[in-house]
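Q: Kindly generate the corresponding structure for this input.
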Amino acid sequence: MTGQTLPFNPPQDLVDRLAGPGADPDLIPLGHLAERLGIRILEATPDRVVGVMPVEGNEQPYGLLHGGASAALAESLGSIGAALHAGPGRYAVGVDLNATHHRPATSGHVTGVATAVFRGRTAATYEIAISDETGKRISSCRLTCMLRDA
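A: Sure thing, here's the model as predicted:
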């Protein structure tokens, strides 16, 4: 992707909602996938983003939380943190996602906590810990986002 221009020009209202040191979780646009997965944002700053997602409706055929749903939660949370870090006139796009699934979740909600590992001028990396309702970690993820001018 180096040297390429992305065919994406984020709407100004999106840039405005993600501007500043923190964002009102109710105003953060999640996109259709995150909405279909039932992801809700509880806290959002450039350093830390917390969100929840129901297990029900996001299972694979064996009744366990689908690993892809966990990955989508991780990328959603890390991307929000990176976008908040990028600030006005810039946007974040995920370029690398790694997810390791440790144990299954079968009911209730899972909570994801994205914590900034590196926040630079052109890239940001977040570690995302996803836990079940008992606090046991079910997935460990890492997301790197490229930061671009809008």
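Q: All the strands of this structure, residue numbers only.
A: 40-44, 48-54, 90-101, 109-119, 123-131, 137-149 (DSSP state E).
Q: Those: which one's closest to residue 71?
A: Ranking these by proximity to residue 71 (C-beta to C-beta) places strand 90-101 first, at 4.7 Å. Every residue, glycine included, has its C-beta placed from N, CA and C.
Q: what about that closest one, average pLDDT?
A: Across strand 90-101, pLDDT averages out at 97.
Q: so who does residue 76 touch?
A: 30, 31, 33, 34, 39, 51 (C-beta atoms under 8 Å, 6 or more residues apart in numbering).
Q: Mind listing what's buried along the biggest helix by length in the chain?
A: Looking across the chain with DSSP state H, the single longest helix is helix 67-86. Under the neighbour-count criterion of 16 or more other C-beta atoms under 10 Å, helix 67-86 has 69-86 buried.
Q: again with stretch 46-61
A: Quick answer for stretch 46-61 (16+ other C-beta under 10 Å): 46, 48, 49, 50, 51, 52, 53, 54, 55, 58, 59.
Q: any chance of the residues you listed in a markdown table, plus pLDDT and distance to residue 92?
A: Converted to a markdown table, these look like this (pLDDT from 0 to 100; distance: C-beta to C-beta, whole Å):
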| residue | pLDDT | distance to residue 92 |
| --- | --- | --- |
| 46 | 94 | 10 |
| 48 | 96 | 15 |
| 49 | 96 | 12 |
| 50 | 96 | 18 |
| 51 | 97 | 16 |
| 52 | 98 | 21 |
| 53 | 98 | 20 |
| 54 | 98 | 25 |
| 55 | 99 | 27 |
| 58 | 98 | 24 |
| 59 | 98 | 29 |
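Q: Looking at residue 72 now. What's its pLDDT?
A: 98.
Q: repeat for the one 3 residues further on
A: At residue 75, the model reports a pLDDT of 98.
Q: ok, now how distant is it from residue 112?
A: The gap separating residue 75 from residue 112 is 10 Å, by C-beta to C-beta, to the nearest Å.
Q: In contact with residue 134, which residues are there?
A: Contacts of residue 134 (C-beta under 8 Å, 6+ apart): none.
Q: Good, wrapping up.
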